[in-house]
Structures are given as structure tokens and as C-alpha cells.
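[1] I would like to see how this sequence folds:
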Amino acid sequence: MSEVLIDLRRNVVPISVKVVVLALFFLIVATVASFATSVSSAISSAFSEETEVDLFGVVDTLTDPDAFYAFRQSTRSIQQLGAFYDGLNTSDDLTLLSAFDQQIPVQDFRGGDEFDPGYGNELSLTDEYVDATSGSVVEDVRAMQMNRQALEFYDIEVASGTSIDWGTVDYPGGKVPVLLGSAYEGVYQVGERLSGSLYLRPMEFEVVGILRQGSAMFYKGEMNTYLDSAMIVPYPESLTEIGSLDQEFLGILSFAMINADVASGGGTGFDGVADELRQISMRTGFEDYSLIGVPTYLIQFGLMRQLIVDNRGLLVVVLALLAGGVACAGTFVSLHLRARRRPAASVLWTLGWSFPRIVRLQRRLWMVEYVAVGALFALGLPLLPGVGPGAFLATLALMVVWFVVDGLVQHRLLVGAVFAVPGGRS
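    Below is the predicted model:
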């Protein structure tokens, strides 16, 4: 042990340089590996060629306020609108992606400004106010209402808890399960209930899950509308099945749900989608709609997928160059250490130490270096953003391989140092 301490005192600077360089290298590898894993997952799912679709928008044409008001006062018209939505939502050829970012007033809200609908944009932040319907003090929070197909299409998944059980979505009863964005972690827990309202109708929202960090969706021309600070409120699966709701609420909700996107694959095209909507319209009697193209989605989709693929290749090249540079630096430091340790090894050899004994001593010195690298890596790992188990294990495997190769190189250098002693034992 005394020999190890003496060596550490004599060579603390080169050993420290080697340890820091290797630890930083492995931390970079862990970060890149984590990014590469997420990129591969994104390319194989959300950005795979199979998921590229034609996207169109469905909007109502009731732009005249009087006509809009008259429509909402007609029970028959609202029923036709509900049947039209249900026909689209259950179509075998189209995928209805219904989503709307109506803010939700919540009583006794525990979150900060980052959950305000105006946070981070041109809108002003809202203060607490007294809700005219309930008389309670509420605060508006950012929310996104969506149907089941939108939640699945945009691959919105939970990090904890469970996803939406659509059988428990009870608008007539005023009880709706919700998902909270990752920023809510530590603010609300799974199982808690929030009292609020949607379109002035009192609701009880039960938190059933917390979203994965970075969950996003295409919304109003933006490829990535992030949901980290949003409350995800599920739409009812059918509008015709909740016809018992009061006319005012049902009318507002129906128009919010029908103004949606429609995805189609297999080269259906605009004419095919328009024909499908026309047939549903003829069956249900709702005709006040228009179909528009959404080319922004396809353009941004292609650009983002290519950007991810290009950056993945660039990262591999950068990491390979970095590994080569670290290997050269490590070899240089090892040669420097060999030169500094050579006199001591030569003296031990001359004094009669056997070569295996000298090797055992040197191995203890190398193990000190490797343990120090591992300890520094472990200290830095919690500071990295979201390194998954796969990336950690891959980095750990590379670290073990690196130590083995480094040990073999140092052993080879040791052989040259000991047996090149002038006048040493034969």
C-alpha cells in the first residue's frame, strides 16, 4: 500500500488529467447514447415513413353570428352535428384528430405561472378570479382537450400512472380523468382530484397519469406543440351518447370537437377524403362544413425527420472522432506515466522483485485510476438530462472494454520498461 501512496504523490497531476478526461468522455458518451436511443425510437415510430399521412382540416362554415346562434338553439341541428362527428370518428378510412386548447379554470390551483395559458407567449398572465358560475376562486390553467384517436396518433404516453380509461369519461356526471404534463411532477400526484369547469359546466378532474417529458403534438400549424405544462382532458367518445346534456354546453362542445384534423393514408388524397365526408354528411344531414388542406404538417414532418437522421449520423462521427482523440490522449498520458514509473519498476526488478509481483503492484495503481474514473462518472451522471437505462448500460460496457484495453496497453508498456533495464537481471 505504501508503494501505491508514493506513486499517487509523485504522479497526481498526470493521473488526475487522465481520470478527468476519461470521466468526461464517458459522460459525453452517456448523453449521446441517450439521445441516439430517443432518436431511434422517434424515427421508428413517430417519424417513420409508415406514419407519414395526408392531413386535412375540417371546419364549420357558420361564420355569421346569427346563423351560428340559431344553429345552436336547434336540438335537431345539434343532433345532426353530433351524428356527423360520430360518423367521422368511427370511419374505417379516416382518422379524426380532434383537439382544442380551451383553458380550464381550476379551484385552489397549486401550480405556478408556467401553467398559465399566457406563459411564454404574447398573451398576458391571468390572476385568480371569482368564477361567476360556482362563486369559487379559480385560476385558468393551460389545457388541451382531445379525442382518443389524437392521443394515440401523436403517441402521447405516460411516465407514471395510467393512460385514459375512456370508459370512465363521464361528461353527464361531471367526472373526467385527466393526464398532466411532466412539469406537474411534484405539484399534483396521481389519484388527486381537481375541481374546475369546462365551458362553464362544473367538472371534477381526476389525475390518472403524468406524461413523459417532451410529449408534443401537431397543432395549428406547429409541428411540436409541447404538452409539458398542459392538462390533457379527454373528449367523450360519442356526441350522440351525451345528448342529455344541456343545449348550451352541448352546442359549444360539439363545435369545438368538430373543428378538427383528418388524417388519411394509402394515397387517399383530397378527393377521397372529400368524398368520404360527403357520404357521412348525406347520412347525417349536417352540411355546414368545409375541408381544407394542411400542407404545413407534411412539409415540417419531412424536414424534421431528415434533420433527425442527419444529426444522428453527425453525432456518430463526432463521437468517433472524440473517442480517437481521447484514446490518443490516454496513450500519451500512459507513456508519460510509464516514463515516470520506469525508474521505480527498474529498481524493484534490480532488487530482486519477480515480474509477477511488479505486475501486481502496477495493477493496483491502474485500478486506482479506473475506480477514480468510475466514481467521477457516477457523480456526474445525475447531472445529465434523462439518461435511460439502455444508454447507461451501453456506456458501462464501453467503460469496461476501455479499461481492459488500457490495462493491456499499460501491461505491454510495463514489460518494455522492466526488461529494458541496463544491467538488470537476465
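[2] Please give me every residue in contact with the residue nearest the centre of the chain.
    Centroid-nearest residue in the chain, with C-alpha atoms, centre = their mean: residue 214, separated by 3.5 Å. By C-beta atoms under 8 Å, 6 or more residues apart in numbering, residue 214 lies in contact with 182, 226, 228. Quick note: C-beta positions are derived from backbone N, CA and C, even for glycine.
[3] Got a ChimeraX select line for the buried ones in those residues?
    To isolate the buried members of these in ChimeraX, using 16 or more other C-beta atoms under 10 Å:
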select :182,226,228
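[4] Could you list which of the contacts of residue 214 belong to strands?
    The strands in this structure, assigned by DSSP state E, contain residue 226 from these.
[5] ok, of the contacts of residue 214, which one's closest to residue 34?
    Nearest to residue 34 out of those is residue 182 (C-beta to C-beta; 16.2 Å).
[6] I'd say that closest one and residue 216 touch.
    No: between residue 182 and residue 216 there is no contact under C-beta atoms under 8 Å: 11.3 Å.
[7] what's residue 220 in contact with, if anything?
    So residue 220 contacts nothing (C-beta under 8 Å, 6+ apart).
[8] any idea how far residue 207 is from it?
    26 Å (C-beta to C-beta, to the nearest Å).
[9] Neighbouring strands - and their directions - for the longest strand along the chain?
    Longest strand in the chain by number of residues (criterion: DSSP E): strand 201-211. For strand 201-211, the paired strands and their directions (DSSP bridges) read strand 158-161 (antiparallel), strand 175-180 (parallel), strand 193-198 (antiparallel).
[10] Generate JSON lines for these, with mean pLDDT as supplementary columns.
    Putting the strands paired with strand 201-211 into JSON lines (pLDDT from 0 to 100) gives the following:
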{"stretch": "strand 158-161", "mean pLDDT": "94"}
{"stretch": "strand 175-180", "mean pLDDT": "96"}
{"stretch": "strand 193-198", "mean pLDDT": "94"}
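[11] Save the ones you listed as CSV, and put in mean neighbour count and distance to residue 112 too.
    Output for those, formatted as CSV (neighbours: other C-beta atoms under 10 Å; distance: least, C-beta to C-beta, whole Å):
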stretch, mean neighbour count, distance to residue 112
strand 158-161, 15, 20
strand 175-180, 24, 14
strand 193-198, 20, 15
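[12] Please identify which of those strands is closest to residue 382.
    strand 158-161 (17.7 Å).
[13] From the chain's centroid, how far away is that closest one?
    Its chain's C-alpha centre and that of strand 158-161 lie 12 Å apart, by C-alpha atoms, centre = their mean, to the nearest Å.
[14] let's number from 27 now, not from 1
    That works, and once the first residue is 27, the last one we named lands at strand 184-187.
[15] In CSV, list the C-alpha atoms belonging to that strand.
    The C-alpha trace of strand 184-187 is given here as CSV (Å, rounded to 0.1, in the frame of the first residue of the first chain):
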residue,chain,number,x,y,z
VAL,A,184,-47.5,8.4,-19.5
ALA,A,185,-44.3,8.2,-17.5
SER,A,186,-46.3,7.3,-14.3
GLY,A,187,-49.8,6.3,-13.6
